[in-house]
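A.B. asks: here you go, sequence then predicted model.
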Amino acid sequence: MTLPRHDLFDDVAVRLDGVSLRYDTSEDILSGIDLVLKPGSFSFLTGASGAGKTSLLKLLYLALKPTRGEVSLFGRPTSRLTRDQLSALRRRVGVVFQEFRLLDHLTAYENVALPLRVLGRKEASYRHDVEELLAWVGLGERMHSRPPTLSGGEQQRVAIARAVVTQPDILIADEPTGNVDPEMGARLMRLFLELNKRRATTVIIATHDLGLVRQVDAPVFRLQHGLLVQDVEYGPAARRRTDIVKTVD
Ligand SMILES: Nc1ncnc2c1ncn2[C@@H]1O[C@H](COP(=O)(O)OP(=O)(O)OP(=O)(O)O)[C@@H](O)[C@H]1O
């Protein structure tokens with residue numbers, strides 16, 4: 001019996017096979033990228049400004065189609081899916097955008113609740129969860145404030161709460177600590193780690209903040225000249241190994 005292709009990859013959250021991306025320019029921004037993210041994994045994506053991090057994330061949350069190659073989510077190749085099938089897959093992916101994309105005329109609470117309203121949920125069924133989530137990200141006191149009156153770090157946390165309120169299987173965050181000080185950056189990182197551990201959410205975070213990357217033992221994928229390499233180990237365990245080598249020397 002021949003299995004449908006997606007059954008072969010059921011233990012994979014995200015898979016890229018030979019993915020290339022070219023905008024309307026002559027050069028590939030991303031070139032022949034292979035990537036596998038296991039369910040429940042936590043990883044970083046780094047690379048210089050303009051290396052293609054945001055572009056790669058857009059492919060992962062199906063906002064862009066690759067020029068060549070295949071993007072599969074949860075074992076399903078996406079290139080031939082209908083619009084409705086793509087929407088269903090996208091609902092399992094939470095995104096924290098680089099520029100937040102909050103609605104200024106809604107309160108923090110309303111912004112976070114919006115994805116649930118769009119899904120047709122009644123407020124009584126989610127009010128408690130949304131309030132609890134806002135308290136979890138440290139915004140219990142500010143939940144009725146509108147984004148323009150919140151600091152960058154507070155807006156960032158609203159964006160994170162909104163991305164996770166539907167309990168996505170995959171969380172994609174683009175420079176989620178770009179607008180906060182190192183202390184807040186470390187706090188946000190703890191939120192991502194907790195989410196990853198509590199719900200086994202697959203998390204991938206694009207950042208060029210290597211200070212942040214060094215706090216966590218997680219694979220680091222680096223984009224360079226359109227290629228993806230996974231050879232960088234920045235986390236505490238990697239540093240301990242380096243220290244041992246130094247001691248032996
Ligand atoms: N819609 C687009 N049309 C044409 N070129 C684009 C488009 N979006 C991005 N690019 C180009 O693709 C390249 C990669 O951009 P991308 O935003 O993915 O990089 P990045 O690594 O996320 O950068 P940064 O760290 O500065 O956010 C850049 O040269 C950028 O100018």
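C.D. replies: Sure, I can see it.
A.B. asks: what strand or helix carries the spatially most central residue of the chain?
C.D. replies: Central residue of the chain (C-alpha atoms, centre = their mean): Ile172, 1.1 Å from the mean position. For Ile172, the element it lies in under DSSP states H and E is strand 170-174.
A.B. asks: please export the C-alpha coordinates of that strand as CSV.
C.D. replies: Extracted in CSV, the C-alpha atoms of strand 170-174 (Å, rounded to 0.1, in the frame of the first residue of the first chain):
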residue,chain,number,x,y,z
ILE,A,170,4.0,26.3,16.0
LEU,A,171,5.0,29.7,17.2
ILE,A,172,7.1,31.9,14.9
ALA,A,173,8.6,35.1,16.3
ASP,A,174,10.4,37.7,14.2
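A.B. asks: hmm, back to that, so what's the residue nearest to the centre of the chain up against?
C.D. replies: Leu57, Leu60, Tyr61, Val93, Gly94, Val95, Val96, Ile204 (C-beta atoms under 8 Å, 6 or more residues apart in numbering). All C-beta atoms are positioned from the backbone trio N, CA, C, and that covers glycine.
A.B. asks: list the contacts for the first one?
C.D. replies: Read it as Leu57. By C-beta under 8 Å, 6+ apart, the neighbours of Leu57 are Leu45, Val95, Ile172, Asp174, Ile204, Ala206.
A.B. asks: need phi/psi at it.
C.D. replies: The phi and psi values for Leu57, taken as degrees, to the nearest 10, are phi -60, psi -40.
A.B. asks: out of the contacts of Leu57, which are close to the ligand?
C.D. replies: When C-beta under 6 Å from any ligand atom is applied, no member of the contacts of Leu57 is adjacent to the ligand.
A.B. asks: tell me which two of those residues sit farthest apart.
C.D. replies: Leu45 and Val95 (13.5 Å; C-beta to C-beta).
A.B. asks: more crowded one of the two?
C.D. replies: Counted by other C-beta atoms under 10 Å, Leu45 and Val95 do not tie: Leu45 has more neighbours, with 27 against 20.
A.B. asks: what's the host helix or strand of that one packed up against?
C.D. replies: Remark: Leu45 resides in strand 42-46, with elements defined by DSSP H and E. On a contact count with 3 or more C-beta pairs under 8 Å, 6 or more residues apart in numbering; DSSP states H and E, strand 42-46 meets helix 53-60, helix 182-199, strand 202-206, helix 210-213, strand 220-224.
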